[in-house]
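1. Predicted model and sequence follow; I will ask about them next.
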Amino acid sequence: MICLIAGYRKTMITQKRCPFCQTPAVMGCPHLAIAVEGRDFVRRCVELCQGQKQWRALAELRQRQRQATGEWTPERDDYTWLETAFCEEFLKPLSWFGGLEHEWRIGPKGNQAGFLVLLWSKDPRRLWWQLRDELERQAQEPFPGKRRKVKGQSPRASRRDGDLRLL
Ligand SMILES: [Zn+2]
């Protein structure tokens, strides 16, 4: 057991640092949006962005889509509980996303070891706003993953002259 704890201490030396200000994650800094166990990550993200309503709508929409197409594979729902899948699908596309890392932590008595998921952002508050918008957008999208890519023909681009705030 002593050897094990010594091993854990050694891993703690390689603890993660904030990509923006280099503060060790264990000390916390304004860029650390969240530091939780993996199993709580998705739920906490949805709570922190206050997007529970949008999240439920998105889950229902995707369920209906699957029933309509008759397609279903377990992997498709990974994003509802797996932090890396959630990150790929909803966080990485956001401009305020700063990074996702895992850090090994032990409790004060050395008996509560586990991996924490760290989410970084230059401005976590803006990241949460963006996440809620993204959940809302995807909850209204009839075909997930098939975004319009023809910029010149999108409604947003055609309003460019009239309202710069849309950009
Ligand atoms: Zn920082």
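-> Happy to help now that I have it. Residues are numbered from 1 along each chain as shown.
2. from here on, contacts and neighbour counts on C-alpha atoms
-> Noted.
3. how much space between His102 and Gly114?
-> His102 sits at a distance of 10 Å from Gly114 (criterion: CA to CA, to the nearest Å).
4. Out of these two, name the residue with the larger neighbour count.
-> His102 (17 against 14; other CA atoms under 10 Å).
5. and Ser95, how many residues sit next to it?
-> The burial count assigned to Ser95 is 12, neighbours taken as other CA under 10 Å.
6. Excluding chain neighbours, what is closest to it?
-> Spatial nearest neighbour of Ser95, excluding adjacent residues (CA to CA, 6 or more residues apart in numbering): Leu127 at 7.9 Å.
7. Which residues of this structure lie near the ion?
-> Applying the criterion CA under 5 Å from the ion, the portion of the chain that neighbours the ion consists of 18, 20-21, 29, 31.
8. same thing but 6 Å
-> 18, 20-23, 29-31 (CA under 6 Å from the ion).
9. among those, which two are most distant?
-> Longest distance between any two of the residues of the chain next to the ion is 11.4 Å, between Gln22 and Pro30; criterion CA to CA.
10. Neighbour count for the two, which is higher?
-> Pro30 (15 against 10).
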